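Quick one, what's the 3D model for this:
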Amino acid sequence: MDKDLGNYRKSYEKKQLIESNIGDNPMELFQKWFYEVDSNFEIDETNAMTLSTIGLDGYPKNRVVLLKRYTFEGFIFYTNYESEKGKAIEQNPNVCISFFWHAAERQIIIKGSAERIAENLSDGYFESRPRGSQLGAVVSRQSDIIANREFLESKLSELELQYQGKEIPRPPFWGGYIVKPVEFEFWQGRPNRLHDRIRFLLQDDYSWKVDRLSP
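The predicted model follows:
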């Protein structure tokens, strides 16, 4: 198989990223960009982000997860703690998350450290989920090898009967992580591949050092 993609071309011309307009706090700039993209572009799941971890086998691995909350402290998502990503985070909490909003010609790359959030916060979010999603979290031992699809469907049917008319408790192996950032890179596509790249680095006094990077 051989397919040459060398002729795939796109010119980025929608916006610019200038130091005078970015402020001194990257979380505020993230919020501004997120709001602009969510409000002005037709993008399914603006909160979809790529999470990169270093696996137990020593290889990096990326997957798309959904951002469910962000604060000045960091970025929160939910998953199975015993999944491949959960085990990777427990061994090495240094992770990278990224957002690519192609319609806006924007990308944000964030390095940080992931840690579990308080159990009561995970409980609260679990209770807010649709019942089917709650059951799915209980059914799936994420990343385990299973024989076939029927195995999952059978377990789901059993749990539907078990919890009929009852509340579904959050399983102890499922909950949230918060990624506390130490570095942001904001990327705005520009013509002729001379893209704008602005990096924020967290300093010892918790201020942010701002640099422009060559594209």
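
Where in this protein is the helix or strand with the lowest mean pLDDT?
Counting by mean pLDDT, DSSP states H and E, the chain has its least confident helix or strand at helix 149-162, which shows a mean of 92.

Dump that one to CSV, restricted to CA.
Extracted C-alpha coordinates of helix 149-162, given in CSV (Å, rounded to 0.1, in the frame of the first residue of the first chain):
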residue,chain,number,x,y,z
ARG,A,149,-19.8,-8.1,22.4
GLU,A,150,-22.4,-10.5,23.8
PHE,A,151,-20.5,-10.6,27.1
LEU,A,152,-21.1,-6.9,27.6
GLU,A,153,-24.7,-7.0,26.6
SER,A,154,-25.4,-9.9,29.0
LYS,A,155,-23.7,-8.1,31.9
LEU,A,156,-25.7,-5.0,31.1
SER,A,157,-29.0,-6.9,31.2
GLU,A,158,-28.1,-8.4,34.5
LEU,A,159,-27.3,-5.1,36.1
GLU,A,160,-30.5,-3.5,34.7
LEU,A,161,-32.5,-6.1,36.6
GLN,A,162,-30.3,-5.8,39.7
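
Give me the helices and strands touching the helix or strand hosting L121, please.
Using DSSP states H and E, L121 sits in helix 119-128. Judged by 3 or more Cβ pairs under 8 Å, 6 or more residues apart in numbering; DSSP states H and E, helix 119-128 is in contact with strand 75-80, strand 174-188. C-beta coordinates here come from the backbone N, C-alpha and C atoms, glycine included.

quick revisit: got the buried residues for the least confident helix or strand of the chain?
155-156, 159 (16 or more other Cβ atoms under 10 Å).

Same check on stretch 57-75?
Buried, per 16+ other Cβ under 10 Å, within stretch 57-75: 65, 67, 70, 74-75.

give me the number of residues near N80?
The burial count assigned to N80 is 19, neighbours taken as other Cβ atoms under 10 Å.

With adjacent residues omitted, what lies nearest to it?
Spatially, and ignoring its direct neighbours in sequence, N80 is nearest to Q142 (3.8 Å; Cβ to Cβ, 6 or more residues apart in numbering).

tell me the contacts of the one you found?
Taking Cβ atoms under 8 Å, 6 or more residues apart in numbering, we find Q142 in contact with 79-80, 82-84, 86.

Quick one: mean pLDDT for the helix or strand that comes right after the helix holding L121?
Following helix 119-128 in sequence order, the next helix or strand is helix 131-139 (DSSP H and E). Helix 131-139 shows an average pLDDT of 95 in the prediction.

For the remainder of this discussion, apply numbering that starts at 120.
Fine by me, first position is 120 from now on; the one you just mentioned is helix 250-258.

okay, helix 250-258 in CSV with CA atoms only?
The C-alpha atoms that make up helix 250-258 are tabulated as CSV, following Å, rounded to 0.1, in the frame of the first residue of the first chain:
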residue,chain,number,x,y,z
ARG,A,250,-28.7,6.0,33.9
GLY,A,251,-27.4,4.2,30.8
SER,A,252,-24.0,5.8,31.2
GLN,A,253,-23.9,4.9,34.9
LEU,A,254,-24.6,1.2,34.1
GLY,A,255,-22.0,1.3,31.3
ALA,A,256,-19.3,2.5,33.8
VAL,A,257,-20.2,-0.4,36.1
VAL,A,258,-20.3,-3.0,33.3
